[in-house]
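Chemist: What shape does this take:
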Amino acid sequence: MSSGESQSLRLDDSMDDPLEDPFMAKLSFEQGGSEFVPVVVSKAVLRSMSRRDVLIKRWPRPLSWQYYRSLLPDVSITMCPSCFQMFHSEDYELLVLQHNCCPYCRRPIDEPN
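Modeler: Sure thing, here's the model as predicted:
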């Protein structure tokens, strides 16, 4: 997935109501928009979300971590542990089985323990 097709989370303490879902509000408000604008949420909203719903790109310091939420819960997403590129899980698994490496960065995938 390119970054233009996904929503990102950025920590921001200024949001008042952590019970609102800013992602669904943005979807219903900006259907058909052509310019990507990330959704910004507070730490409280991020903490209230299920771990299954949030993907984290854990960049090394001094870079900040990036948080993403899939808006299509029925579509499973897998992230490469090396380059943090996101893929549909079925596509990623097939390509890893065929080539034994990430389809984006080509780094070999370690065997599961």
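Chemist: So which elements touch whichever helix in the chain runs longest?
Modeler: Ranked by residue count under DSSP state H, the longest helix found in the chain is helix 89-99. The contact analysis (3 or more Cβ pairs under 8 Å, 6 or more residues apart in numbering; DSSP states H and E) places helix 89-99 against strand 77-79. Backbone N, C-alpha and C define where each C-beta goes, glycine included.
Chemist: bridging residues for residue 67?
Modeler: Counting by DSSP bridges, residue 67 is bridged to residue 9, residue 56.
Chemist: Neighbours of it, how many?
Modeler: Other residues within reach of residue 67, judged by other Cβ atoms under 10 Å, total 18.
Chemist: What pLDDT is listed against it?
Modeler: pLDDT, residue 67: 86.
Chemist: That one touches residue 58, doesn't it?
Modeler: No - look at residue 67 against residue 58 with Cβ atoms under 8 Å: they stay out of range, at 10.2 Å.
Chemist: rewinding a little: and the longest helix of the chain, which residues are buried?
Modeler: Residues of helix 89-99 classed as buried: 92, 95-96 (neighbour count, 16 or more other Cβ atoms under 10 Å).
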